[in-house]
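> Sequence and predicted structure, then a few things I'm wondering about:
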2 protein chains.
Amino acid sequence: MPKKITIYDIAKELKITAASVSRALNNNPKISAKTRKLVQETASKLNYKPNRLALALKSGKSNNVGVIVPKINSNFFSSVIRGIEDELFPQGYHVIICQTYELGTREIENINALLNAQVDGILMSYSGATSNHDHLNFIIEKNLPLIFFDRKADIEGVSSVTINDFVGAYEATKQLIQQGCKHIAHLTIDRSLEIYKDRFEGYQKALLDHGMQVQEDFIIESESTLEGGKTSIQKLLELKQIPDAIFSASDFVALGAIRELKAKGIKIPDEFCVTGFSNEPFTNFMELPITSVDQFPLEMGKMAAKVFLEQVNNKETKIEKNVVLNPKLYVRKSSTKPSNSKSKKTNNK
Amino acid sequence: MPKKITIYDIAKELKITAASVSRALNNNPKISAKTRKLVQETASKLNYKPNRLALALKSGKSNNVGVIVPKINSNFFSSVIRGIEDELFPQGYHVIICQTYELGTREIENINALLNAQVDGILMSYSGATSNHDHLNFIIEKNLPLIFFDRKADIEGVSSVTINDFVGAYEATKQLIQQGCKHIAHLTIDRSLEIYKDRFEGYQKALLDHGMQVQEDFIIESESTLEGGKTSIQKLLELKQIPDAIFSASDFVALGAIRELKAKGIKIPDEFCVTGFSNEPFTNFMELPITSVDQFPLEMGKMAAKVFLEQVNNKETKIEKNVVLNPKLYVRKSSTKPSNSKSKKTNNK
DNA sequence: TAAATTTGCGTTATCGATTACATAAGCATA
DNA sequence: TATGCTTATGTAATCGATAACGCAAATTTA
């Protein structure tokens, strides 16, 4: 097995010192053109590759960033990561992936592991169910760039890139109202998370702004799964006043709901309208395409990366940036009543 | 900004040397219980965190692995990565993500970047359109574990974890034959990639084994997109002999095909059966669920990680392992003719 | 009690690169 | 020719951890 080539090997070959080799390879002016040429030739002849670990140790800059997400195998998060990678790789950064599986303990573990690995910054979707930010303080105290995306907490000095969940939910609900739906239910997930709280509030505000009432029993919380949608519909259908539309904070719940509604013989969109959230690819693949709110995960990732770059490149000045992206409602068949089917708003991404 | 705590800070605090601190923290027996306790207390008091970079430089082991995929935001690849991460994180490894965007140049760039970063191994889905493996030789020469997953090339000393694409395609085609389909077309992607070549051959073999002929004009190559499915169907419908089923090597192409068939007024599955490949989540979400072949990406990732672990833990012995996972056909409505709809084989994952 | 052994800790080199400082050689100027 | 100024190169410290080696003190054995 061939040994690793270091600048010392190049130095020995040319009977000079490692310092000169280093200078030659880094376009340092304090070296003669002749030596530089010789070193560069020898380097490529020996197939020299700089050891980034040594460089990182010396400079205190690893050129790695950590990205923490609940799970990587979801369309939303993998698209955010793609956006981050697309933006950071050309700048010489590598992305280290960590998953929390929605577990607070894993979040702490991951942060510690990333800090030990000397990452130059952490981009994370913050689970932040608790208000205990101790593990984040280690990052902040070290003056390491920390950027939240999608799920954030309001912490001084911490930047964030999110979408306006409130507006997304408001627009989605408004569209249902405009379709003539009178009793609009809301299927939500864990409202201790800001994103779901905001979607709930957007829904509420849209109803109130249009002279409609918010009914407590129309708000059903479940997991973000098809099963969650099924059981939620079952609960709604047991009410005295049955709703005629739902705005779901999750596309998966929306799909589960649609399936259950169909199973009960309820016609969509004629008798019942459904709108989801996230614009998961499948919402547009269905024979009955589902109206949904796009969160632009790719752009979110890119923006988070840009905010990170701004911060590492201006270490001295402390900048907190809170970018809020605008979501976009894609109105599709699941919430377009036949009488309105020629609506200009219909939009198939 | 607080300075980083190193073992030297602990040493100074206790008026001992860094070597003793190191021994105390690493359960080295050559240290007294009293000193060990003192060091451990001081370490946690000062919130000491080991610098993995220094450790990596010293030991020559970074505890990072590189994973190279065409793109991360696809259900298949993000699931493989999840499998890898699930398996490697508990073993103290971090996963560095790289994308090739299906570009050979990016593959070389990524490999060089990972080698510079001193990763302990590389797991990759090999684009390998060309037969030029020069950039891989750098990895192999360094005796670094290299594991292919999904897309491989047969290179001595390189392990791989793949699924049996041939069998998957064979089973899928056989099921169509058993449904009574007489003219089965095949929609494929780039057959210079082994996976697509194998699927094509499985299709071919199934036809021949059942006394059917392989028709050259029934094989249509396109991109793995909905659009690809649409244009492929258009070509097939222009033939003198129109097929009555397709086996598609891609779920996206299958979906595009289904849409176009419906647009032409062709009834699925009554007049035409369709089967895809990959078992993308949406295939089972549709109102007309699509028959597809599951590739078990999570298991593939876990297995690739396990093969990697075996190799790093047995550096001295050179082991080449070629794991072939069995795919599973999920028979759904798109390929189940009404007369056979009670078939025992129907399976909804 | 002296010799032999064990134990605990300090000294120092090392991993691979960068860089401040020192120094020698080359050249121009007086 | 002596002096000053560049320029190119060498020397050595540094980043943070580990580990071989050496040595003194403590302990065991004869």
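Thanks, I have it. If you're wondering where the values come from, they're calculated on a predicted model, not measured in any experiment.
> quick one: contacts for A:Asp120?
A:Asp120 makes contact with A:Lys61, A:Ser62, A:Asn63, A:Asn64, A:Val65, A:Tyr93, A:Leu144, A:Pro145, A:Val312, according to Cβ atoms under 8 Å, 6 or more residues apart in numbering or on different chains. (Each C-beta comes from the backbone N, C-alpha and C, glycine too.)
> And A:Glu223, by the same measure?
For A:Glu223, the contact set (Cβ under 8 Å, 6+ apart) comprises A:Ile189.
> How much space separates it from A:Ile163?
Distance, A:Glu223 to A:Ile163, by Cβ to Cβ, to the nearest Å: 22 Å.
> Now flag whichever of the contacts of A:Asp120 is closest to chain B.
Within the contacts of A:Asp120, proximity to chain B (Cβ to the nearest Cβ) peaks at A:Ser62, which comes in at 6.3 Å.
> The closest one contacts B:Ala54, doesn't it?
No: the criterion here is Cβ atoms under 8 Å, and A:Ser62 misses it with B:Ala54 at 11.4 Å.
> Could you identify the helix or strand that succeeds the helix or strand of chain A with the lowest mean pLDDT?
Among the helices and strands of chain A, helix A:134-141 carries the lowest confidence by mean pLDDT, DSSP states H and E, at a mean of 89. Downstream of helix A:134-141, the next assigned helix or strand under DSSP states H and E is strand A:146-149.
> before we move on, the earlier item: CA atoms only: put the least confident helix or strand of chain A into PDB for me.
What follows is helix A:134-141 as a C-alpha-only set of coordinates in PDB (Å, rounded to 0.1, in the frame of the first residue of the first chain):
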ATOM      1  CA  ASP A 134     -28.800  25.000  26.700                       C
ATOM      2  CA  HIS A 135     -27.300  22.800  24.000                       C
ATOM      3  CA  LEU A 136     -27.600  25.700  21.600                       C
ATOM      4  CA  ASN A 137     -25.700  28.000  23.900                       C
ATOM      5  CA  PHE A 138     -22.600  26.000  23.300                       C
ATOM      6  CA  ILE A 139     -22.800  26.900  19.600                       C
ATOM      7  CA  ILE A 140     -23.700  30.500  20.200                       C
ATOM      8  CA  GLU A 141     -21.000  31.100  22.800                       C
END
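> Run the contact check for it versus DNA strand D.
No: for a cut-off given as Cβ under 7 Å from any atom of the strand, helix A:134-141 has no contacts with DNA strand D; the smallest distance is 14.6 Å.
> gap between that helix and the chain center?
In terms of Cα atoms, centre = their mean, to the nearest Å, the centre of helix A:134-141 is found 21 Å from the chain centre.
> Next: stretch A:116-132.
Between the centre of stretch A:116-132 and the centre of its chain there are 13 Å (Cα atoms, centre = their mean).
> ok, and for it, which residues are buried?
A:116-128 (16 or more other Cβ atoms under 10 Å in any protein chain shown).
> For the stretch 51-200 of chain A, just list every one of the helices.
Using DSSP state H, counting those that start in this stretch, the helices of the stretch 51-200 of chain A run over A:52-59, A:75-88, A:104-116, A:134-141, A:165-178, A:194-209.
> Which of those helices has the lowest mean pLDDT?
Out of the helices of the stretch 51-200 of chain A, helix A:134-141 stands lowest, with a mean of 89 (criterion: mean pLDDT).
> List the buried residues of that helix.
For helix A:134-141, a neighbour-count test (16+ other Cβ under 10 Å) marks A:His135, A:Leu136, A:Phe138, A:Ile139 as buried.
> Which residue comes closest to the third one once chain neighbours are left out?
With Cβ to Cβ, 6 or more residues apart in numbering or on different chains as the measure, A:Leu115 is the residue that lies nearest to A:Phe138, at 6.2 Å, once sequence neighbours are left out.
> Equivalent analysis for the first one, please.
For A:His135, the nearest residue in space outside its immediate sequence neighbours is A:Ile108; the separation is 4.5 Å by Cβ to Cβ, 6+ apart.
> again, but for the last one
Leaving aside its chain neighbours, A:Ile139 sits nearest to A:Leu146 (4.9 Å; criterion: Cβ to Cβ, 6+ apart).
> residue ranges with poor pLDDT in the stretch 201-349 of chain A?
Along the stretch 201-349 of chain A, segments meeting pLDDT under 70 span A:340-349.
> more crowded one of A:Ser62 and B:Ala54?
Higher neighbour count among A:Ser62 and B:Ala54: A:Ser62, with 22 against 15, using other Cβ atoms under 10 Å in any protein chain shown.
> From B:Glu85, how far out is the more buried one?
From A:Ser62 across to B:Glu85, the span is 19 Å (Cβ to Cβ).
> again, but for A:Asp244
For A:Asp244, the distance to B:Glu85 (Cβ to Cβ) stands at 44 Å.
> so who does A:Ile266 touch?
By Cβ under 8 Å, 6+ apart, the contact set of A:Ile266 is A:Phe272.
> returning to that earlier point: close enough to count as contact, the residue nearest to A:Phe138 and A:Asn137?
No: using Cβ under 8 Å, A:Leu115 is not in contact with A:Asn137, being 11.4 Å away.
> Got the domain ranges for chain A?
Chain A breaks down into these domains under automatic domain parsing: A:7-50, A:60-162+A:297-326, A:165-295+A:329-340.
> Could you save those domains as TSV and add columns showing distance to DNA strand C?
TSV is the format used below for the domains of chain A (distance: least, Cβ to the nearest atom of the strand, whole Å):
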stretch	distance to DNA strand C
domain A:7-50	3
domain A:60-162+A:297-326	11
domain A:165-295+A:329-340	41
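> Which one, of these, ends up nearest to B:Pro70?
With respect to B:Pro70, and counting by Cβ to Cβ, the nearest of these is domain A:60-162+A:297-326 at 11.2 Å.
> if we can go back for a sec, could you identify which of the contacts of A:Asp120 has the most neighbours?
The most crowded member of the contacts of A:Asp120, judged by other Cβ under 10 Å, is A:Val65 (27 neighbours).
> Check the gap between the spatially closest residue to it that is not a sequence neighbour and B:Thr162 for me.
Here the nearest residue to A:Val65 in space, its sequence neighbours aside, is A:Gly121; by Cβ to Cβ, 6+ apart that works out to 4.8 Å. Distance, A:Gly121 to B:Thr162, by Cβ to Cβ: 36 Å.
> before we move on, what about A:Ala249?
Between A:Ala249 and B:Thr162 the computed distance is 39 Å (Cβ to Cβ).
> rewinding a little: just checking, the residue nearest to A:Val65 touches A:Gln311?
Yes: A:Gly121 lies in contact with A:Gln311 (Cβ under 8 Å); the separation is 7.0 Å.
> shared neighbours of these two, anything?
Common neighbours of A:Gly121 and A:Gln311 (criterion: Cβ under 8 Å, 6+ apart): A:Pro145, A:Ile147.
> picking up where we left off before, of A:Ala249 and B:Thr162, give the one with the bigger neighbour count.
Between A:Ala249 and B:Thr162, A:Ala249 has the larger neighbour count (other Cβ under 10 Å), namely 32 against 22.
> which residues are contacting stretch A:123-141?
A:65-70, A:77, A:80, A:84, A:100, A:102-104, A:107-108, A:111-112, A:115, A:122, A:146-153, A:155, A:157-158, A:190, A:192-194, A:304-305, A:308, B:1-2, B:47.
> Put the buried members of those into a PyMOL selection.
Selecting only the buried entries of the contacts of stretch A:123-141 in PyMOL, with 16+ other Cβ under 10 Å as the criterion:
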select buried, chain A and resi 65+66+67+68+69+70+77+80+84+100+107+108+111+115+122+146+147+148+149+150+151+152+153+155+158+193+194+304+305+308
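> Near DNA strand D, list only the ones from the contacts of stretch A:123-141.
Filtering the contacts of stretch A:123-141 for proximity to DNA strand D by Cβ under 7 Å from any atom of the strand leaves nothing.
> Thanks a lot, see you next time.
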